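K.L.:
I would like the atomic coordinates for the input below:
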Amino acid sequence: MPEYDKDGRPVIDPEIVTEEKYQKAWSEKAFWNKLPRVARKLGRAGLRQALRLYYVLRKPDLPGKTRVMIYGALGYFILPTDFLPDLLPILGFTDDLGLLAAVFVAASQYMDEEVNAKAEAKVLQWLGREEKEV
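P.N.:
This next block holds a predicted model:
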């Protein structure tokens, strides 16, 4: 039975990214196949985080431990059957987003303007400009 926090969100242990099955699930092809299909469900913030993690992987000076964490988090995201299956309405990506956020914090010190710009360009391509409230 999943654990939930006081706000009803599932509690995901960030150590899950060290599980080999999630690291093995990582594939660039699977990532690029899934991401555009679920972009709107993830929302801007979730999409932006996933893309930033992807682009920071391209940095040659990224430490191995951080690289492994990102592979695990993105592998977890790619798999349709995880803690909360992605097919569940509303809740399906809650666990994925929580894990991406935890790894994002760990990897954020390696993200630079180039990583952020590439991610933002892809978000704009898929979701367009964010409308401002009047």
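
K.L.:
How many neighbouring residues does Glu28 have?
P.N.:
Residues lying near Glu28 (other Cβ atoms under 10 Å) number 10. In short, each C-beta sits where N, CA and C put it, glycine included.

K.L.:
again but with Asp112, I slipped
P.N.:
Asp112 is flanked by 11 other residues according to other Cβ under 10 Å.

K.L.:
Likewise for the one 5 residues further on?
P.N.:
Counted with other Cβ under 10 Å, the burial measure for Ala117 works out to 11 neighbours.

K.L.:
just Val56 next, same as before
P.N.:
Per other Cβ under 10 Å, the neighbour tally for Val56 reads 24.

K.L.:
With Tyr55 instead?
P.N.:
Neighbour count of Tyr55, defined by other Cβ under 10 Å: 18.

K.L.:
Show me where the protein dips below the pLDDT cut-off.
P.N.:
1-19, 21, 80-95, 131-134 (pLDDT under 70).

K.L.:
For the protein, which segments count as helices?
P.N.:
Listed in chain order, the helices of the chain (DSSP state H) span 20-25, 28-56, 64-78, 94-107, 113-127.

K.L.:
who does the first one touch, helix- and strand-wise?
P.N.:
Using 3 or more Cβ pairs under 8 Å, 6 or more residues apart in numbering; DSSP states H and E as the contact definition, the elements that helix 20-25 packs against are helix 64-78.

K.L.:
And for the last one?
P.N.:
For helix 113-127, the elements it packs on are helix 28-56, judged by 3+ Cβ pairs under 8 Å, 6+ apart.

K.L.:
got the buried residues for the helix it packs on?
P.N.:
Going by neighbour count (16 or more other Cβ atoms under 10 Å), the buried part of helix 28-56 is 31, 34-35, 38-39, 42, 46-56.

K.L.:
Likewise for stretch 59-77?
P.N.:
Buried residues in stretch 59-77, counted by 16+ other Cβ under 10 Å: Lys59, Thr66, Arg67, Met69, Ile70, Tyr71, Gly72, Ala73, Leu74, Gly75, Tyr76, Phe77.
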